[in-house]
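Engineer: build me a model:
(one chain, ligands or ions: 2)
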Amino acid sequence: MSGTGSSPSSRRNSFNSLSRDLELPSEQGCLSIIVLGASGDLAKKKTFPALYHLFDQGFLQSGEVHIFGYARSNLSDDGLRERIRGYLKGAPEDLSEFLQLIKYVSGSYDNGEGFEKLNKEISKYEESNQSGSYRRLFYLALPPSVYPSVCRMIRTYCMNPCKYGIDIIGLFAASHPGWTRVIVEKPFGKDLDSAEELSAQLGELFEEHQLYRIDHYLGKELVQNLLVLRFANRLFLPLWNRDNIDNIQIVFREDFGTEGRGGYFDQYGIIRDIIQNHLLQVFCLVAMEKPVSLKPEHIRDEKVKVLQSVNPIKCEEVVLGQYDGYKDDPTVPDDSNTPTFASVVLRVHNERWEGVPFILKAGKALNSRKAEVRVQFKDVPGDIFKCKKQGRNEFVIRLQPSEAMYMKLTVKKPGLEMATEQSELDLSYGMRYQNVKIPEAYERLILDTIRGDQQHFVRRDELKAAWQIFTPLLHDIDAGKLKAVPYQPGSRGPKEADELSSKVGYVQTHGYVWIPPTLA
Ligand SMILES: NC(=O)C1=CN([C@@H]2O[C@H](COP(=O)(O)OP(=O)(O)OC[C@H]3O[C@@H](n4cnc5c(N)ncnc54)[C@H](OP(=O)(O)O)[C@@H]3O)[C@@H](O)[C@H]2O)C=CC1
Ligand SMILES: O=C1O[C@H](COP(=O)(O)O)[C@@H](O)[C@H](O)[C@H]1O
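Structural biologist: Ligands and ions are numbered 1, 2, ... in the order given. Model prediction:
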């Protein structure tokens, strides 16, 4: 196997030590991973490649795991394997070994016949494995409209057959023989009511500890680093508050449009697609208080608290945009007001953040592709160097691409004169961690699910609090009360967004650009 160089058994040991720390069960035995919607886009681009990477690194073992693809399409085992082969990168013999683990079952999403067949196939494999421990992981790579019926089918026909298969959160009996877990993809609803309805439907079928609501931003390396950065560094503890920080931006930019996904996108828009979930999760990690411990429930409790402290969004602190040409897509209505760009200011009503604007900005078809958190500090009081002209200190966490953290500083310009200039302290991952392969978000999150670690998944009350923040704004947009202004594809987005950022306090540093360092 190519992988990262460490052996499967050492990987397993590192899992055991982590699970001890988090009091997770060290589970082994027969594992069935079932990808529902296996014929689709997400499955081939993300889910199967993530499973392959886990296999390649020894986290999934041939003798222990079997993978089932399920969908309505008429495919053979080999048909599915060929469909995904092109998306997997690895040595041909490793690929073949992995692909042989995959079996395809065809059936519909709303009647028992297909799921009975699926259960029979899984059971056949479990019986042949004879480990006595049965773990079933269902990955719903499907449109959310079918989640309720699919979950009902799983509940009725496909549960882990173990007599003692109920795990109580935080408590796992030593004789625990397995589990059934379900990963669901976003979008989890379209507003508060629909999300709550979906949650209630799934909640009737599965316990919260069995449901893993995935937000792939929580699997990104630099997003996972946020808590470490904030709470393991003395340097940041006294600075991370309204006394020192002027404003925080959380930005997502893509340099391509909706490209073939216009029909889907038009029903959601950029706020539901990116801001209400991905950027809001990042916001939580930036703004929340220190959790009691790293236990998933402690972390998620703090996330809920900070979400509940967000004030209602003011319309005058929102800018919406739509790029010219978006409506050329035949699946997008000619009169669409769906935003492909939005800048929204969140204000947190608590002791740490009162008065500090959090500017959440996301856009498609812009001039660059990147995601970052930009923490801008206040001006230096009594500045004897006139530093204000040079720009404020900023701490930037570049989530992607070119993962990095850098601190913009004012320094003496080298030379005989006493002059200042902007420079940076720079931790660029490509330079510092040259031989480390940063895992894909999906890879990490699927592994977390197998380990039973819900830390990086969205809890039901967290989802509710997130929708509570955005639903009034979304309803106003849907009702046409807020209009999206046009912007040029390939631009920075509407100029009104930059004006809003300045209005709430962001000061742009002119003439300074951070260039990701490269290896010579
Ligand atoms: N694609 C991506 O990059 C991302 C996707 N997601 C989410 O992941 C989930 C799956 O996305 P994606 O793979 O793109 O979706 P697809 O549209 O490709 O659907 C996946 C599979 O579901 C079945 N399907 C499609 N439409 C319907 C329908 N109306 N009723 C029943 N079955 C249907 C099809 O399989 P068959 O006909 O063979 O049964 C299809 O192959 C969605 O919730 C999406 O929002 C999230 C982030 C990124
Ligand atoms: O969930 C989504 O995310 C992608 C962007 O993901 P990234 O990991 O490449 O940043 C976005 O393109 C898509 O519209 C959205 O549904």
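Engineer: contact partners of the helix or strand where Leu31 lies?
Structural biologist: Per DSSP states H and E, Leu31 falls inside strand 30-36. Residues outside strand 30-36 that contact it (Cβ atoms under 8 Å, 6 or more residues apart in numbering) are 43, 47-48, 51, 60, 64-71, 109, 118, 122, 125-126, 129, 131, 133-142, 150, 158, 178, 446, 450. Heads up, the C-betas are built off the backbone N, CA and C, glycines and all.
Engineer: just checking: what are the partner strands of that strand?
Structural biologist: When pairs are called by DSSP bridges, strand 30-36 turns out to pair with strand 65-71 (parallel), strand 134-140 (parallel).
Engineer: can you map out the strands along the stretch 51-200 of the chain?
Structural biologist: Ranges of strands in the stretch 51-200 of the chain, per DSSP state E, counting those that start in this stretch, are 65-71, 102-106, 134-140, 178-184.
Engineer: the ones you listed: which one's closest to ligand 1?
Structural biologist: Of all the strands of the stretch 51-200 of the chain, it is strand 65-71 that lies closest to ligand 1, at 3.4 Å by Cβ to the nearest ligand atom.
Engineer: so is the closest one next to ligand 1?
Structural biologist: Yes: where contact is defined by Cβ under 6 Å from any ligand atom, part of strand 65-71 touches ligand 1, namely Ala71.
Engineer: residues in contact with the nearest residue to Leu211 once chain neighbours are set aside?
Structural biologist: Distance criterion Cβ to Cβ, 6 or more residues apart in numbering; nearest residue to Leu211, sequence neighbours excluded, is Val182 at 5.7 Å. Going by Cβ under 8 Å, 6+ apart, Val182 touches 137-138, 140, 151, 154, 202, 206, 210-212.
Engineer: quick check: Asn337 touching Lys327?
Structural biologist: No: the criterion here is Cβ atoms under 8 Å, and Asn337 misses it with Lys327 at 10.2 Å.
Engineer: neighbouring strands of the host helix or strand of Phe358 in the sheet, and parallel or not?
Structural biologist: Element membership for Phe358, per DSSP H and E: strand 357-363. Partners of strand 357-363 in the sheet, by DSSP bridges, are strand 245-253 (parallel), strand 341-347 (antiparallel).
Engineer: most tightly surrounded among those?
Structural biologist: Stretch with highest mean neighbour count among those: strand 341-347 (a mean of 25; mean count of other Cβ atoms under 10 Å).
Engineer: for the residue in the chain that ligand 2 sits nearest to, helix, strand, or coil?
Structural biologist: Using Cβ to the nearest ligand atom, Asp273 is the residue of the chain that sits closest to ligand 2, at 4.8 Å. Counting by DSSP: H, G, I helix; E, B strand; the rest coil, the backbone at Asp273 sits in helix.
Engineer: OK, contacts around it?
Structural biologist: Asp273 makes contacts with 187, 265, 362, as judged by Cβ under 8 Å, 6+ apart.
Engineer: what helix or strand is the second one on?
Structural biologist: Here Phe265 sits within helix 262-270, counting by DSSP H and E.
Engineer: near ligand 2 at all, that helix?
Structural biologist: No: if you take Cβ under 6 Å from any ligand atom as the test, helix 262-270 misses ligand 2, and the best it gets is 6.9 Å.
Engineer: contacts for that helix, please.
Structural biologist: Residues outside helix 262-270 that contact it (Cβ under 8 Å, 6+ apart): 187, 190, 258, 273, 326, 329, 331-333, 336, 338-342, 362-364, 474, 477.
Engineer: intersect the residues you listed with the contacts of ligand 1.
Structural biologist: Pro187.
Engineer: returning to what we had before: what's the following helix or strand after the strand holding Leu31?
Structural biologist: Taking DSSP H and E, what comes next after strand 30-36 is helix 41-42.
Engineer: average model confidence for that following helix?
Structural biologist: If you average the pLDDT over helix 41-42, you get 93.
Engineer: chain neighbours aside, what residue packs nearest to the closest residue to ligand 1 within the chain?
Structural biologist: With Cβ to the nearest ligand atom as the measure, Gly40 is the residue of the chain nearest to ligand 1, at 2.4 Å. In space, Gly40 comes closest to Ala141 once its chain neighbours are excluded; the distance is 5.6 Å by Cβ to Cβ, 6+ apart.
Engineer: hang on, the one you found packs against Lys45?
Structural biologist: No: look at Ala141 against Lys45 with Cβ under 8 Å: they stay out of range, at 9.8 Å.
Engineer: same drill for these two, tell me which one is more crowded.
Structural biologist: Ranked by neighbour count (other Cβ atoms under 10 Å), Ala141 and Lys45 place Ala141 first, with 24 against 14.
Engineer: correct me, but Gly430 touches Arg398?
Structural biologist: No: applying Cβ under 8 Å as the test, Gly430 and Arg398 come out as separate, 10.7 Å apart.
Engineer: any residues in contact with both of the two?
Structural biologist: Joint contacts of Gly430 and Arg398 (Cβ under 8 Å, 6+ apart) are 404, 516.
Engineer: which one's more surrounded, those two?
Structural biologist: Just comparing Gly430 and Arg398: by other Cβ under 10 Å the higher neighbour count belongs to Arg398, 21 against 16.
Engineer: next structured bit after the helix or strand hosting that one?
Structural biologist: Assigning secondary structure by DSSP H and E places Arg398 in strand 394-400. Note on strand 394-400: by DSSP H and E, the next helix or strand toward the C-terminus is strand 404-412.
Engineer: on that earlier part again, just the buried ones among the contacts of strand 30-36, please.
Structural biologist: Buried subset of the contacts of strand 30-36 (neighbour count, 16 or more other Cβ atoms under 10 Å): 43, 47-48, 51, 60, 65-71, 109, 118, 122, 125-126, 129, 133-142, 150, 158, 178, 446, 450.
Engineer: who touches Phe470 in this structure?
Structural biologist: Contacts of Phe470 by Cβ under 8 Å, 6+ apart are 191, 271-272, 275-276, 280, 313.
Engineer: redo that, cut-off 10 Å
Structural biologist: Neighbouring residues of Phe470 by Cβ atoms under 10 Å, 6 or more residues apart in numbering: 191-192, 271-272, 275-277, 280, 310, 313, 344, 346, 477.
Engineer: list just the nearest of the residues you listed to Gly382.
Structural biologist: For those, the residue nearest Gly382 by Cβ to Cβ is Leu346; the value is 31.2 Å.
Engineer: and the strand holding Leu31, anywhere near ligand 1?
Structural biologist: No: Strand 30-36 lies apart from ligand 1 when judged by Cβ under 6 Å from any ligand atom; the minimum separation is 8.0 Å.
Engineer: just want the angle from that strand to strand 178-184.
Structural biologist: Here strand 30-36 runs at an angle of 20 degrees relative to strand 178-184 (axes from the mean of the first three to the mean of the last three Cα atoms, to 10 degrees).
Engineer: extract the CA atoms of strand 30-36 and return them as PDB.
Structural biologist: What follows is strand 30-36 as a C-alpha-only set of coordinates in PDB (Å, rounded to 0.1, in the frame of the first residue of the first chain):
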ATOM      1  CA  CYS A  30     -16.900  -6.600  11.000                       C
ATOM      2  CA  LEU A  31     -17.700  -3.300   9.400                       C
ATOM      3  CA  SER A  32     -20.300  -2.700   6.600                       C
ATOM      4  CA  ILE A  33     -20.300   0.700   4.900                       C
ATOM      5  CA  ILE A  34     -23.300   1.300   2.800                       C
ATOM      6  CA  VAL A  35     -23.300   4.200   0.400                       C
ATOM      7  CA  LEU A  36     -26.900   5.000  -0.600                       C
END
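Engineer: what's the spacing between it and its chain's center?
Structural biologist: Centre-to-centre, strand 30-36 and its host chain are 22 Å apart (Cα atoms, centre = their mean, to the nearest Å).
Engineer: now stretch 424-442
Structural biologist: Between the centre of stretch 424-442 and the centre of its chain there are 18 Å (Cα atoms, centre = their mean).
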